[in-house]
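Chemist: What follows is a predicted structure for the sequence shown.
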Amino acid sequence: MTAQDDERYRVLKRTHQQLHRDWKRKKAPCIVCAQCEGKDRDHLPPKVILPAAIRTQDTEFFTFPVCKQCNNSSSDEDFLFSVLLSLRLKQESILQNREPTDPDLLALDRQMQMHLQDSEKGSHRADLLRPFMGTDPRTGRDAIDLDHLPVSQTLTKIVKSIYWLHTGGDILQRHRPGWWIRTDIDTSKEHFIAKHLKTTHADLNWGDRFIARYTVGHPDNGVGGMISSSLHFYTRRNIGEGMSWLVIGSPSLISVDGRSLYEMSRAIWGSPTIEP
Ligand SMILES: [Zn+2]
């Protein structure tokens with residue numbers, strides 16, 4: 001982490017403490033639905049992507065207010081998101097028919113197994129996965145259709161929490177669900193994310209583990225009204241071995257010079273995995 005990142009992180013930390021105090025005092029609304037009172041708290045980064053086994057003493061979480069209903073309603077998707085993360089990260093091992101040896105991947109794997117074996121919710125979770133199980137046409141092996149796992153609710157929550165934090169408590173509520181998501185971004189080029197998110201004015205950084213960026217562009221720099229979050233999950237890998245999601249909020253509803261943000265993004269990054 002650079003000195004500049006360090007300073008940014010300290011500023012965010014202070015903002016978060018202030019937001020936390022206000023939230024207790026004023027009965028803040030849920031940042032997801034913006035309607036009910038946010039009596040529960042959720043975490044950023046989501047605990048589902050940082051299982052206890054791979055947290056270090058330096059891992060810090062920000063918390064944000066959510067209502068009980070929003071908190072409960074995303075738990076199924078949170079599970080599917082952890083499946084997506086775990087399988088995408090070990091894709092290389094799967095293709096080469098090797099067992100992964102990376103301790104972080106093994107921790108994610110174990111977490112997924114535990115979720116499936118849970119006496120209370122295990123069978124429900126297996127049911128969630130079943131419609132996405134099939135045979136990979138390229139390898140002929142059993143596979144999960146990762147491109148179609150529904151995870152937009154979980155991603156929406158992540159984006160909203162990042163937005164809330166970086167705007168000092170503003171709630172992103174104008175959009176309808178529907179996110180343009182691009183996974184498996186080529187991270188082999190150094191500073192890939194920085195290069196493509198030129199207007200980024202804030203980021204969260206936990207050492208080499210998790211980066212979330214939040215971007216709002218302005219019409220003068222040609223990226224008007226863009227809200228994007230990029231989650232970068234490295235575990236203990238080098239650049240080029242990690243994984244990114246680029247999540248862009250409601251791109252079809254936002255247009256710049258008569259062109260939708262979706263079209264613009266597509267021109268820059270190519271085909272999305274999940275369309276709005
Ligand atoms: Zn809510």
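Modeler: Happy to help now that I have it. Numbers count the residues shown, from 1 in each chain.
Chemist: can you confirm residue 247 is in a strand?
Modeler: Yes: residue state for residue 247 (DSSP: H, G, I helix; E, B strand; the rest coil) corresponds to a strand.
Chemist: Quick one: name the residues of the stretch 51-200 of the chain near the ion.
Modeler: Within the stretch 51-200 of the chain, the positions adjacent to the ion are 67, 70 by C-beta under 5 Å from the ion. In this view, the C-beta of every residue, glycine as well, is placed from N, C-alpha and C.
Chemist: run the last query once more with 8 Å
Modeler: Counting by C-beta under 8 Å from the ion, the stretch 51-200 of the chain comes close to the ion at 66-71.
Chemist: beta partners of the closest residue to residue 68 other than its chain neighbours?
Modeler: Leaving aside its sequence neighbours, residue 68 sits nearest to residue 40 (C-beta to C-beta, 6 or more residues apart in numbering; 5.5 Å). Beta bridges link residue 40 to residue 66 when assigned by DSSP bridges.
Chemist: what about residue 40, how many neighbours?
Modeler: 17 (other C-beta atoms under 10 Å).
Chemist: repeat for the one 5 residues further on
Modeler: Per other C-beta under 10 Å, the neighbour tally for residue 45 reads 22.
Chemist: Let's see the pLDDT reported for it.
Modeler: Note on residue 45: pLDDT of 74.
Chemist: And residue 235, by the same measure?
Modeler: 54.
Chemist: With residue 29 instead?
Modeler: Residue 29 carries a pLDDT value of 88.
Chemist: Ok, the one 10 residues further on next?
Modeler: Looking at residue 39, its pLDDT is 91.
Chemist: Run through who's touching stretch 21-40.
Modeler: Here stretch 21-40 makes contact (C-beta atoms under 8 Å, 6 or more residues apart in numbering) with 64-71, 74, 156-157, 160-161, 164, 169, 171-173.
Chemist: ok, 6 Å please
Modeler: Here stretch 21-40 makes contact (C-beta atoms under 6 Å, 6 or more residues apart in numbering) with 64-68, 70-71, 157, 160, 164, 171, 173.
Chemist: So in the chain, where's the weakest helix or strand by average pLDDT?
Modeler: helix 192-196 (a mean of 41; mean pLDDT, DSSP states H and E).
Chemist: ok now do residue 120, which residues does it touch?
Modeler: Residue 120 makes contact with no residue under the criterion C-beta under 6 Å, 6+ apart.
Chemist: That one: what secondary structure?
Modeler: coil.
Chemist: again, but for residue 79
Modeler: helix.
Chemist: show me what contacts it?
Modeler: Taking C-beta under 6 Å, 6+ apart, we find residue 79 in contact with 115, 125.
Chemist: which regions of the stretch 151-276 of the chain sit below the pLDDT cut-off?
Modeler: Where the stretch 151-276 of the chain drops to pLDDT under 70, the residues are 172-246, 248-257, 261, 265, 268-270, 272-276.
Chemist: meant to ask about the stretch 1-150 of the chain
Modeler: By pLDDT under 70, the weakly predicted segments of the stretch 1-150 of the chain are 1-6, 8, 54, 56-59, 89, 92, 104.
Chemist: Going by residue numbers, what spans are strands in it?
Modeler: Here the stretch 1-150 of the chain has its strands, by DSSP state E, counting those that start in this stretch, at 40-44, 62-66, 133-135, 142-144.
Chemist: just these: most buried one?
Modeler: Mean neighbour count (mean count of other C-beta atoms under 10 Å) peaks for strand 62-66 among the strands of the stretch 1-150 of the chain, with a mean of 23.
Chemist: Report the contact partners of whatever residue of the stretch 101-250 of the chain ends up closest to the ion.
Modeler: Using C-beta to the ion, the single residue of the stretch 101-250 of the chain nearest to the ion is residue 157, 9.7 Å away. Residue 157 makes contact with 32, 74 under the criterion C-beta under 6 Å, 6+ apart.
Chemist: what's the spacing between it and residue 108?
Modeler: To residue 108, residue 157 is 20 Å away according to C-beta to C-beta, to the nearest Å.
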